[in-house]
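> Quick check, what structure comes out for this input:
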Amino acid sequence: RVHGVAPPCVGNLLLAFLRENCVAELTKVNSEKFTIRADILREGAPLRVKFRLYTAAATKATCSGHECVVEVQRRRGDPVSFMGLFRDLAEYLAALCGPASVVGAPPECP
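Sure, this is the predicted structure:
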């Protein structure tokens, strides 16, 4: 969940993350449904991932009126590599949007 950033901006941040931090081939981008499908090579392990953005109605928790949910689905590939990708994405969004803006990162492994 990302607070305070408009959904189109979050979509552009997802594309930037894939471009800057992954060996990725975008297989499908649907701007009407706000979805991105990508084949990613991470640590030698291939992943097929789907990202989807959902907008949420403005609540008292969102000062600027923008709230967006980023769903990340592993369609194929190693679950451990996928978890690392998810954690890196959460850290990337937190660094650009502010740590208080990003909710839902997985806990650290012991």
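
> which secondary element of this protein has the worst mean pLDDT?
strand 2-3 (a mean of 76; mean pLDDT, DSSP states H and E).

> Can you get me the centre-to-centre distance for that one and its chain?
Averaging C-alpha positions (Cα atoms, centre = their mean, to the nearest Å) puts strand 2-3 11 Å from its chain's average.

> Next secondary structure after that strand?
Moving toward the C-terminus from strand 2-3, the first helix or strand encountered (DSSP states H and E) is helix 7-21.

> Could I get the pLDDT score of residue 12?
On the pLDDT scale, residue 12 is placed at 89.

> Which parts of this protein are helices?
Along the chain, the stretches classed as helices by DSSP state H are 7-21, 79-97.

> could you dump those helices to a markdown table with mean neighbour count and distance to residue 51?
For glycine as for every other residue, the C-beta is placed from the backbone atoms N, C-alpha and C. Converted to a markdown table, those look like this (neighbours: other Cβ atoms under 10 Å; distance: least, Cβ to Cβ, whole Å):
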| stretch | mean neighbour count | distance to residue 51 |
| --- | --- | --- |
| helix 7-21 | 16 | 5 |
| helix 79-97 | 17 | 9 |
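
> With distance to residue 68 as added columns, please give the ones you listed in TSV.
As requested, the helices of the chain are arranged in TSV below (distance: least, Cβ to Cβ, whole Å):
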stretch	distance to residue 68
helix 7-21	5
helix 79-97	10
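
> what about residue 54, neighbour count?
12 (other Cβ atoms under 10 Å).

> ok, what's across the strand from it?
With DSSP bridges as the criterion, residue 54 is bridged to residue 69.
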